[in-house]
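Peer 1: Everything below, folded, please.
(2 chains)
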Amino acid sequence: MIELALKILIFGAVVSGIWALVASGFSLIFGVARILNFAHGTLFVLSAYFGIVLVKYGVNDYIAFVLGILFVGVVGVIIFRLTISPIKTHEVMVVIVTLAIALLVEQFLLLIFGEHGISFPSLISGVQNIGGVRITNIRILSFFVAIATLILLEVFITKTKTGKMINATSQDMEAAMLMGIDVDRIYLITMFISSILAGLGGLLYSQIFATTPIVSVKALIYAFAIVILGGLGSLRGSIIASFIVGYVIVVTITFLGARWSEFVMLLTIISILVVKPTGLFGVEE
Amino acid sequence: MLAMRKLWLAMIVILMLSLSIQTAMAKDKVVIGVIGPMSLPEGQAEKNAAMLSAEEINKEGGILGLPVEVVVGDTKLNPDSATAEFRRLATVENADVITGGFSSGVMAAMMETMAETKTVFLSDASSPAHPAKVAEDYEKYKYWFRISQNNGTTFAWDLADMIDFLNANGLKIKKVYVIRDEHIWTDAVMKDLKPLLEERGIEIVKDVQVPKGYTEYEQLIDEAESLNADLIMPILAIAGTGDVLAKQWGTLKPKIMLAGHDLAAIDAEFFDKTDGLANYEVFIADGGALVTAPPTEMCKKFIEAYKQKYGHYPESHQAYGAYDAVYIYKKAVEEASKAGEQNPFDPDVVVKYLEKYNPENPIKLTRTIAFHKNHALAWGDNYVRNWVSQWQDGKQYIISPKTVANGEFKIPPWLAQKEQEEKEQKTPETTKATPGFGILTAVAGLSVALSLAVLRRKTK
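Peer 2: Below is the predicted model:
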């Protein structure tokens, strides 16, 4: 029984880490700029494809990893500047435009790479035996990287000058403007951070699993579900919700079977939202 | 009055006959329709192979002197799109024959359009329900033939034979952990596989169904180990994540063999796509051909021609089926013409001549093709079957049966160690971490500690 509990504890943690990264990026841009970026999943897979292409052309794995993350950061900024910025006050238009970008990129990736999964080379190999549970090193590393990144993000947002400006903009955009904050610049920085969080998640994901163009939809659904569960715009809510989702998946696989995992996860989210419509840490506007 | 009516009737019949003869006479090309999911490797392979065969046939003077043209339809893996596209190929593009398919549900829907348009359909997919329709209502469904791969029921025979082969070659498989698509096609396989394993005294310790896109295999591998399974048997096609399973198996290196019906493993680039972690995976090669082990001379030539034309090997086994479909159609039409048939392109006539390729009279194309009475593809060592194959250091080898094998089974080193340990009654060693892990974990751990320290100091 203890062994089973330990298994669930460990598997749940490693499953949750990557989704916490993706969801926090999705939540960040919504919290600050009120933008529901439906191309977030696309940024998730784009980093992996870009990294894989770089490796194929002989670039060092670690350099390709970093460049892949930065690449989607730049792509995110370009998407924001060219398409989202002019319509950012029209929330529905933003959803439609970002969804169109997501579908367009997905088709493009399908044409170039096909549907079968491809992997970014694992930065680390081997397996650890933790209390009788065998976990791959890349999973453990991904978990630590995700946690470290999220803590750094929290530090950045709450302690640095730029972070405080991001925080101020998320609380009241007009007041922030009146205080002399360049809101457009803050949006761009936020979009960049949001995109690199997705990019980092995507590159870690493609090492553990494999990247396909369809994974972008999965990432978007997970991010969206987690963010709604955590409370729209709440970074901490998203992180806690990621772990709830991870543990629900693992417990379902253990006791009900793999085929029910996503169904039970979505059912749990709906049940929580029925009781608390604003999500776990959301506030009514 | 009666005589007048008979005269009118005779005139109408003559008119209709002359029109149909005129249509046949006016034929200026042979149209081959290819239908499949064009964003998937399966659809691309079907299209590319059909175009290659058409090009070759045109160079040799076409079919009965008529040039061959290929038209393409995209099923989008959706029954509605598939039937609409099939209808377009049959009625707008006037396809004489259609090849392709993929996915049993989509195929079942297209068979209705095929019956309605009376179009010869040399198809893919594996559900036993398709040939059953031919057997039940021959006149309606006789235009359907399965050419790409065997009936799904034969997959169970292939898997049982695979276990026999592995047990005869150094493994002791008594407990099997099945991971399969949550899909109708695997239900049929399981129904036939269960009694076959029971006969052999093999227990299925768990039968896990996974949905499309499922990736959390580590937990399943762990469970298989805790249930003392000797074999993880994937029966995966629709899930599309056989590569993820192979990756996680290759990383975790459990003391369990990975062998089964993993469609992704047939892809010639599978090894690279899994970062080499698919090494030693045993799979049964759907469609009866592998790039590195062509069973016929024509298959060998086809693979090379494909590589030359497209710069890579066939994306999936469906390529062999589509290529054979065009050639067998050509053969049937030519035989019909030789036999003096008035319209050798008439679908009813073509069906008659295709049926002549039966188990007593097979035709050797890229594989040895013969059709049963229900138009399913003949299964067996002398026809088409899913050869037992293995990935070994970046190459695919057929390892059984001996008649076509070009390699020998290799036990994964970590399993060979298990066999050795069992012999010596030693406890297994725990897995050691790679040296890089310590450094990277330390860096990650330090980052977490540092961040926490900064956070705590600032909040003070």
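
Peer 1: State the mean pLDDT of the helix or strand harbouring B:Lys247.
Peer 2: Assigned by DSSP states H and E, B:Lys247 falls within helix B:242-252. The average pLDDT within helix B:242-252 is 93.

Peer 1: Relative to the next helix or strand after that helix, what are the paired strands and their orientations?
Peer 2: Downstream of helix B:242-252, the first helix or strand assigned by DSSP H and E is strand B:257-262. Partners of strand B:257-262 in the sheet, by DSSP bridges, are strand B:231-236 (parallel), strand B:282-285 (parallel).

Peer 1: List of residues touching strand B:257-262?
Peer 2: B:155, B:158-159, B:162-163, B:166, B:171, B:173, B:178, B:189, B:230-237, B:242, B:245-246, B:249, B:280-284, B:286, B:386, B:411-412, B:415 (CB atoms under 8 Å, 6 or more residues apart in numbering or on different chains). Any C-beta I mention is one placed from the backbone N, CA and C, and that applies to glycine too.

Peer 1: please redo it, this time with the cut-off set to 7 Å
Peer 2: Residues outside strand B:257-262 that contact it (CB atoms under 7 Å, 6 or more residues apart in numbering or on different chains): B:155, B:159, B:162, B:166, B:171, B:230-236, B:242, B:246, B:249, B:281-284, B:415.

Peer 1: which residues does the residue most central in space within chain B contact?
Peer 2: By CA atoms, centre = their mean, chain B has its centre lying nearest to B:Asp286, at 4.7 Å. By CB under 7 Å, 6+ apart, B:Asp286 lies in contact with B:Gln149, B:Leu263, B:Ile266, B:His317, B:Asn386.

Peer 1: How many neighbouring residues does B:Ala84 have?
Peer 2: Other residues lying near B:Ala84 total 16 when counted by other CB atoms under 10 Å in any protein chain shown.

Peer 1: What pLDDT does the model give it?
Peer 2: What the model reports as pLDDT for B:Ala84 is 97.

Peer 1: How much space separates it from B:Gly73?
Peer 2: Between B:Ala84 and B:Gly73 the computed distance is 9 Å (CB to CB, to the nearest Å).

Peer 1: And for A:Arg81?
Peer 2: 40 Å.

Peer 1: higher neighbour count, these two?
Peer 2: B:Gly73 (26 against 14).

Peer 1: Show me what the more buried one is bridged to.
Peer 2: Beta-bridge pairing of B:Gly73 under DSSP bridges involves B:Ile35.

Peer 1: can you tell me which residues contact it?
Peer 2: Going by CB under 7 Å, 6+ apart, B:Gly73 touches B:Gly33, B:Ile35, B:Glu85, B:Phe86, B:Arg88, B:Leu89.

Peer 1: Which helix or strand contains B:His130?
Peer 2: Here B:His130 is assigned to helix B:129-136, by DSSP H and E.

Peer 1: tell me which residues in that helix are buried?
Peer 2: Across helix B:129-136, burial judged by 16 or more other CB atoms under 10 Å in any protein chain shown covers B:Ala129, B:His130, B:Pro131, B:Lys133, B:Val134.

Peer 1: quick one: B:Ser316 and B:Gln44 touch, right?
Peer 2: No. Contact criterion CB atoms under 7 Å: B:Ser316 and B:Gln44 do not qualify, at 8.0 Å.

Peer 1: still on that earlier bit, anything in the helix holding B:Lys247 near chain A?
Peer 2: Yes. Judged by CB under 7 Å from any CB of the partner chain, helix B:242-252 comes into contact with chain A at B:Asp243, B:Val244, B:Lys247, B:Thr251, B:Leu252.

Peer 1: Let me know how buried the second one is, in neighbour terms.
Peer 2: Just to be clear, that refers to B:Val244. Counted by other CB under 10 Å, the residues lying close to B:Val244 total 26.

Peer 1: Just to check, it is in contact with A:Ile208?
Peer 2: No. Between B:Val244 and A:Ile208 there is no contact under CB under 7 Å: 8.4 Å.

Peer 1: And B:Val282, what's its pLDDT?
Peer 2: pLDDT recorded at B:Val282 is 97.

Peer 1: and A:Leu82, how many neighbours?
Peer 2: Residues near A:Leu82, counting by other CB under 10 Å: 10.

Peer 1: Contact partners for it?
Peer 2: Applying CB under 7 Å, 6+ apart to A:Leu82 gives no contacts.
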